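1. Turn this into a model:
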Amino acid sequence: MFDDSKSHAGNDGMPRDEAAVSVETCPGRLDAGVLLICDHATNFLPSAYGTLGLTREDLESHIAFDIGAAEITRRLALRLDAPAVLSRFSRLLIDANRGGDDPTLVMQLSDGRIIPGNAAITPAEIDARRQCFWQPYRDAIGQMIEAMSVQGPVPAVVSLHSFTPSWRGVLRPWEIAVLWDSDARMAQPLIAAIAAAGWVVGDNEPYDGALHGDTLYDQVTRRGLAGLLIEIRQDLIDSAEKARAFADRLADILKPILARPEMHKVENLQSRTDAA
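-> You can find the predicted model right below:
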């Protein structure tokens, strides 16, 4: 483990000790028909890891967490009366949205910045972080899906992320993006509804929604559930007030789509990442 300073408090302002808890769960109705998840909710680093050798400015930036995503997730959970599962560790410690054997599971370089605390990481340390942080988060999602499925109806799953307004000097025109794999049940009507609401929407832009081993692949696609990932441009949600207002508009769009019966059926479709 890397220890260069005292622990770094999370972006939610909560005081932190050693990270015994790697998951935040928002309560909601088990029969809500939708589960919300947030893979990159916080920039929190356990005290044993210090700041991973980074500055506070680095840790407040997008390389450490998805700015605004946690606020969006919690607000949507409230508006939809639905459960939510959020990570409680920085993506720099270990990326909750990467497969367990993905080479970028623990980033050694992010957006041009060397991560000193990860630069010489050993396989044993990666495995320790996977067992302590990554696995409990994935397990919590699976357990919530199972509990909701028993209660009924089978839930759809929406993962909330955010993206930078520009990348390598190129402005990104999208205000919100819908990332999906091979299941179009929710993606197609949601993309149409977002566009009709006046937002500039990306269809698998700026990222592709098919990623082998990511959270949706592992917990949603393999279960045959309807699910997708929503990305929101960070300048639109970089304060609590802006994020809540955005979430309120998004909730109004999601509600009628989530009410459709096809969102609560199991359909086993092959991931595009598994296609020959």
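2. Which residue ranges of this protein form helices?
-> Listed in chain order, the helices of the chain (DSSP state H) span residues 56-59, 69-80, 116-119, 123-129, 135-151, 187-196, 215-219, 240-258.
3. Would you mind telling me which of those is nearest Leu225?
-> Put simply, out of the helices of the chain the one that sits nearest Leu225 is helix 135-151, at 7.2 Å, with distance taken as CB to CB. The way it works is simple: take the backbone N, C-alpha and C, and place the C-beta from them, glycine included.
4. quick one: buried residues of that closest one?
-> By 16 or more other CB atoms under 10 Å, the buried positions in helix 135-151 come out as Pro136, Tyr137, Arg138, Ala140, Ile141, Met144, Ile145, Met148, Ser149.
5. My guess is Leu52 contacts Leu92. True?
-> Yes. With contacts defined as CB atoms under 8 Å, Leu52 counts as touching Leu92 at a distance of 5.8 Å.
6. Now do the shared contacts for those two.
-> With contacts taken as CB atoms under 8 Å, 6 or more residues apart in numbering, the residues that reach both Leu52 and Leu92 are Leu45, Ile115, Asn118.
7. so the last one touches Val106, yeah?
-> When you say that, I think you mean Asn118. Yes. Under the criterion of CB under 8 Å, Asn118 makes contact with Val106 at 5.4 Å.
8. count of neighbours near Asp235?
-> By the criterion of other CB atoms under 10 Å, Asp235 has 15 neighbours.
9. count of neighbours near the nearest residue to Asp102 once chain neighbours are set aside?
-> Nearest residue to Asp102, sequence neighbours excluded (CB to CB, 6 or more residues apart in numbering): Gly213, at 5.8 Å. Burial of Gly213 is recorded as 15 neighbouring residues (other CB under 10 Å).
10. Let me see the confidence value for Gly213.
-> Model confidence at Gly213, expressed as pLDDT, equals 96.
11. quick one, what contacts Ala140?
-> Listed by CB under 8 Å, 6+ apart, the contact set of Ala140 reads Val23, Thr25, Val85.
12. Just the buried ones among those residues, please.
-> So, of those, Val23, Val85 end up buried under the neighbour-count rule (16+ other CB under 10 Å).
13. By neighbour count, which of the shared contacts of Leu52 and Leu92 wins?
-> In these, the most neighbours by other CB under 10 Å go to Leu45, 26 neighbours.
14. From Arg88, how far out is that residue?
-> The span separating Leu45 from Arg88 equals 11 Å under the rule CB to CB, to the nearest Å.
15. Filter the contacts of Ala140 down to the ones in strands?
-> The members of these that map onto strands under DSSP state E are Val23, Thr25, Val85.
16. for these, which one is nearest Leu35?
-> Nearest to Leu35 among these is Val85, at 7.1 Å by CB to CB.
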